[in-house]
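**Student:** Pasting the sequence and the predicted model now:
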Amino acid sequence: MTVLTTPVVDHGHIQPIPVHFDDLDAMGIVHNARYAVLFERAVSQYWAARGHSFENGRPTSPDVFHAVREFAITYHAPIRGTGDVLVHFWLERWGSTSAVYRFRFLSPDAATVHADGHRTIVRLDPATLRPAPWTDAARAVAANLLKTPVIRA
């Protein structure tokens, strides 16, 4: 059994995520549509460990009520078979109601970039479904993911 060592990065976070058999296509590589799911799992684990998740069908904070506005990905090398993959993600921008993540899918040794891309989300008010500002609690968590730290006057 291989022990996965998560590399240290100068920005963002690296989350190991397992690839399961049902993530694969008929050729034994990760199906292109599954990358979005794997990314979502990685980001969800990060935020859940910091108090932002769904428990018993309810959000633990209003900041988990958001929608994806844009998702773009470029594939470089297929992920073959099952096992762990590393998802390196960070925030490129954190606005008043939206956020832009950048991400990379890396091999377990971090030597191969399988894919990279970005995802934009918008925090929504559950009653109106209109953009709503992030809470201070979410801003505190997000600050650790920003590639360039926010400097406030």
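**Tutor:** Nice, thanks for sending it over.
**Student:** mind checking pLDDT for the residue nearest to the spatial centre of the chain?
**Tutor:** In the chain, the C-alpha nearest the mean C-alpha coordinate belongs to V43, at 3.3 Å (CA atoms, centre = their mean). You'll see V43 listed with a pLDDT of 97.
**Student:** In terms of helices and strands, where is the closest residue to it other than its chain neighbours?
**Tutor:** What sits nearest to V43 in space, not counting adjacent residues and going by CB to CB, 6 or more residues apart in numbering, is F89, at 6.1 Å. Any C-beta I mention is one placed from the backbone N, CA and C, and that applies to glycine too. Using DSSP states H and E, F89 maps to strand 83-94.
**Student:** ok, back up a step: the residue nearest to V43: how many residues sit nearby?
**Tutor:** Neighbour count of F89, defined by other CB atoms under 10 Å: 23.
**Student:** That one and V100: what is the separation?
**Tutor:** 11 Å (CB to CB, to the nearest Å).
**Student:** in what helix or strand does the closest residue to H13 other than its chain neighbours lie?
**Tutor:** Computed as CB to CB, 6+ apart, the closest residue to H13 that is not its neighbour in sequence is Y46, at 5.6 Å. Taking DSSP H and E as the criterion, the element that holds Y46 is helix 34-48.
**Student:** How far does the helix or strand that that helix is followed by sit from its chain's centre?
**Tutor:** Per DSSP H and E, helix 34-48 leads on to strand 54-55 as the next helix or strand towards the C-terminus. Its chain's C-alpha centre and that of strand 54-55 lie 17 Å apart, by CA atoms, centre = their mean, to the nearest Å.
**Student:** what sits up against strand 54-55?
**Tutor:** T60, V64 (CB atoms under 8 Å, 6 or more residues apart in numbering).
**Student:** Can you list the strands that it pairs with?
**Tutor:** strand 58-59 (antiparallel) (DSSP bridges).
**Student:** what about the partner strand, average pLDDT?
**Tutor:** For strand 58-59, the per-residue pLDDT averages 88.
**Student:** Thanks a lot, see you next time.
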